[in-house]
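Enquirer: Got a predicted structure here, sequence first:
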Amino acid sequence: MGFTLFLCCLMLACAMMVAASSMIHFAVVSLLFVVVFGSGLLIIEGGSFMPLVVLLVYLGGLLVVFAFCVGFTDDPFGGFWGVGVSKWVVFFWWAGFFRGVYSRYWRLWCWGKTSAGEFWGEVVSSELLGVSQMYSDGWAFIVVCGWALLVVLFVITGFVRGYRQGAFRSF
Amino acid sequence: MPLSQPIILATLTITTLIFLLSTHLVLIWVALELNTLAILPLIAHKSHPRAIEASTKYFLTQAMASALIIFSGTLNYEMTGSCQIVELTNLTSMIVLTLALFIKVGLVPFHFWVPEVLQGMSTTAAIFLLTWQKLGPLIMLFLISPLINFELTSVVATLSSLVAGWMGLNQTQVRKLMALSSIAQMAWIIVIIKYAPSLAILTFYIYSTTISATLLTLDKMSTTSIKYLIISFSKSPITTTILMISLLSLSGLPPLAGFMPKWLTINQLLAEKAIWIALLMLITSLLSLFFYLRLWYNSSSTMPPSTTNTTRLWRKSTPQSNFTINLLTMATTTLLLSTTLMKAITKQEYSLG
């Protein structure tokens, strides 16, 4: 329970860093950490399929391509502590966060309090029944999600470079 | 015809069918997200900066609301073990879901995106935003209506009616006025959804028909602000008259069909002893009546100084209304149907004696 809460807090902190970053490159790295901590959360709670899929496909495929595309961009107003507000927001958020965690959750947060069985869990992944049902009875859901991904692709591509001004002129 | 238009329209249809047919929260959430994404190209079709800004604002607001929906569903699943939207018994998740649906529809503390998004869109695409996109959240509200918190809905509805009318007093852009009128009409839908959900559905039908007629007519006449409405009577008097009938129906005046939902809603509110709510809704709808009457005054009731000294322009061909507009506007004359609908929809027995 303590380690779960720790991972939740870290994930939330990195999500806040994504939103409050002064340069987009920091936001991408923070997003990477959000995904890593989120997958760690799922692994601690017993599932191993979903985190592996997320780490492989999302991190290793999507986010790497996204990071390369971001690497092509330039931020004229960026810097390590870019434009004004961001560094103070980050600083005070972390200060308040540690203060709150220290006052309320310190006992839960110490690693020594978790037992080994609770930490390492069971041998078999508890997700297997759900995953098999998703592919057998929940096929409609997968069709809808696949359709959603296709529509997102068309929408974003047409939005960014469509409208009779790029190579992809379907709009 | 652009290649992506069949995909976009098919997606909008399919997602609305998914809302109508499902009760599982996660499936409804996926369909809502897909609905939001699919309408973005329609909003940003003209691709000038204001349209792109409108679509960005729309997407951010709706995505935040979708996040709140999935949070409330997850909380309810953890507390009660059920993923069905009709079994949303946890109080916190019910309130969070209701507020998230109010964000999606555009009611008062979360109404700021509606006029700005509508001002950036073309008038025909605005019809999709104001009618089709409201179907998803309204279906969810209909499904959770037995357990919804009446104080929350009545306060939000009264505030929406007040703020929408108040914001409309100083507007000259007709699309912003339509956005504010949609906020006020949604208030009338939300106030009665707990006690007579079928009456809320009736209000939505009449509202969507009338606002489609209004927006199509505005698109036909290419008027986007009051200063173009002023000269529209000399160009196309019949189309202007049709526009006025639609607008006065939206305002809820008796000879037209827009009066029916307001009347039946007040009846139901009085039957449920919510007398202050009924009084406040009526008083605040006077504010929106003011801007409907201002539109009527400027186009049909007076003849401001115009470019020619004749009452009708004859040198150029002028835009006249087509079959769709006429058909939709005829729906505003169906007030007599209320005698049939009263018995079917409301809970009171009416006797003629």
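Expert: Yep, that arrived. Residues are numbered from 1 along each chain as shown, chains lettered A, B, ... in the order given.

Enquirer: Mark out where each domain of chain A begins and ends.
Expert: As given by automatic domain parsing, the domain ranges for chain A are A:2-118, A:119-163.

Enquirer: hmm, the first one touching chain B?
Expert: Read it as domain A:2-118. No. Domain A:2-118 stays clear of chain B (CB under 8 Å from any CB of the partner chain), getting no nearer than 11.6 Å. Every C-beta, even on glycine, is put in place using the N, C-alpha and C of the backbone.

Enquirer: tell me which helix or strand of chain A sits lowest on mean pLDDT?
Expert: helix A:116-120 (a mean of 46; mean pLDDT, DSSP states H and E).

Enquirer: and the next element down the chain from that one?
Expert: Per DSSP states H and E, the first helix or strand lying C-terminal to helix A:116-120 is helix A:128-136.

Enquirer: Might you list the low-confidence residue ranges for the stretch 201-350 of chain B?
Expert: B:308-309, B:343-344, B:346-350 (pLDDT under 70).

Enquirer: so how far is stretch B:87-101 off the chain centroid?
Expert: Offset of stretch B:87-101 from its chain centre (CA atoms, centre = their mean, to the nearest Å): 23 Å.

Enquirer: Quick check: residues of the stretch 1-150 of chain B near chain A?
Expert: So the stretch 1-150 of chain B meets chain A at B:2-4, B:7-8, B:11, B:14, B:18, B:26-27, B:30-31, B:33-34, B:37-38, B:40-41, B:44-45, B:47, B:55 (CB under 8 Å from any CB).

Enquirer: mind listing which of these are in helices?
Expert: When DSSP state H is applied, these are split such that B:7-8, B:11, B:14, B:18, B:26-27, B:30-31, B:33-34, B:37-38, B:40-41, B:55 fall in helices.

Enquirer: Next, find the distance separating residue B:93 from residue A:37.
Expert: 25 Å (CB to CB, to the nearest Å).

Enquirer: Without its sequence neighbours, what residue ends up closest to the residue of the stretch 201-350 of chain B found nearest chain A?
Expert: Closest approach between the stretch 201-350 of chain B and chain A, counting by CB to the nearest CB: residue B:219, at 19.7 Å. The shortest distance from residue B:219 to any non-neighbouring residue, by CB to CB, 6 or more residues apart in numbering or on different chains, is to residue B:123 (3.9 Å).

Enquirer: ditto for residue B:172
Expert: Of all residues not flanking residue B:172 in the chain, residue B:226 sits nearest, at 4.7 Å (CB to CB, 6+ apart).

Enquirer: got the contact list for the one you found?
Expert: Contact analysis of residue B:226 by CB atoms under 8 Å, 6 or more residues apart in numbering or on different chains lists B:172, B:174, B:294-295, B:298.

Enquirer: before we move on, what about residue B:239?
Expert: B:217, B:220-221, B:232, B:319-321, B:325.

Enquirer: how does it look with 10 Å?
Expert: Applying CB atoms under 10 Å, 6 or more residues apart in numbering or on different chains to residue B:239 gives the contacts B:217-218, B:220-221, B:223, B:232-233, B:318-322, B:325-326, B:329.

Enquirer: next one: residue B:140
Expert: So residue B:140 contacts B:19, B:23, B:25, B:28-29, B:32, B:69, B:85, B:88, B:97-98, B:100-101, B:104-105 (CB under 10 Å, 6+ apart).

Enquirer: related to what we said a few turns ago, ok, residue B:93 and residue A:37, which is more surrounded?
Expert: In this view residue B:93 and residue A:37 are compared by other CB atoms under 10 Å in any protein chain shown, and residue B:93 has more residues nearby, 23 against 19.

Enquirer: so the more buried one sits right up against residue B:83, yeah?
Expert: No. Under the criterion of CB atoms under 10 Å, residue B:93 makes no contact with residue B:83, lying 11.4 Å away.

Enquirer: Just the buried ones from the contacts of residue B:140, in PyMOL syntax?
Expert: The buried subset of those, as determined by 16 or more other CB atoms under 10 Å in any protein chain shown, is captured in PyMOL by this line:
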select buried, chain B and resi 19+25+28+29+32+69+85+88+97+98+100+101+104+105
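
Enquirer: and which of the contacts of residue B:140 is nearest residue B:270?
Expert: Within the set of the contacts of residue B:140, residue B:98 lies nearest residue B:270; the separation is 23.8 Å, counting by CB to CB.

Enquirer: Does that closest one lie in a helix or a strand, and which?
Expert: helix B:91-105.

Enquirer: ok, then the element right after that helix?
Expert: helix B:113-120.

Enquirer: Just want the angle from that next one to helix B:25-43.
Expert: On the basis of axes from the mean of the first three to the mean of the last three CA atoms, to 10 degrees, helix B:113-120 is oriented at 30 degrees to helix B:25-43.

Enquirer: who's in contact with residue 147?
Expert: No chain in the question, so chain A it is. Here residue A:147 is in contact with B:7, B:10-11, B:14-15, B:30, B:34 (CB under 10 Å, 6+ apart).

Enquirer: My question was about chain B, not that one.
Expert: By CB under 10 Å, 6+ apart, the neighbours of residue B:147 are B:86-89, B:91, B:94, B:98, B:194.

Enquirer: Break chain B down into its domains, please.
Expert: Domain assignment of chain B by the TED database yields the ranges B:1-139, B:149-306+B:320-338.

Enquirer: JSON lines please, covering those domains and showing distance to residue A:6.
Expert: Converted to JSON lines, the domains of chain B look like this (distance: least, CB to CB, whole Å):
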{"stretch": "domain B:1-139", "distance to residue A:6": "20"}
{"stretch": "domain B:149-306+B:320-338", "distance to residue A:6": "36"}
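
Enquirer: Pick out the most distant pair among the contacts of residue A:147.
Expert: Within these, B:7 and B:30 form the most distant pair, 17.0 Å apart (CB to CB).

Enquirer: between the two, who's got more neighbours?
Expert: Legend: neighbour count by other CB under 10 Å for residue B:7 and residue B:30, higher for residue B:30 (21 against 18).

Enquirer: about what we covered before: quick one: contacts for the residue of the stretch 201-350 of chain B closest to chain A?
Expert: If you count contacts by CB under 10 Å, 6+ apart, then residue B:219 has B:122-127, B:319, B:325 around it.

Enquirer: how near is it to residue B:322?
Expert: In terms of CB to CB, residue B:219 sits 11 Å off from residue B:322.

Enquirer: now do residue A:153
Expert: Taken as CB to CB, the span from residue A:153 to residue B:322 is 36 Å.

Enquirer: can you check residue B:31 too?
Expert: The value you get for residue B:31 to residue B:322, if CB to CB is used, is 33 Å.
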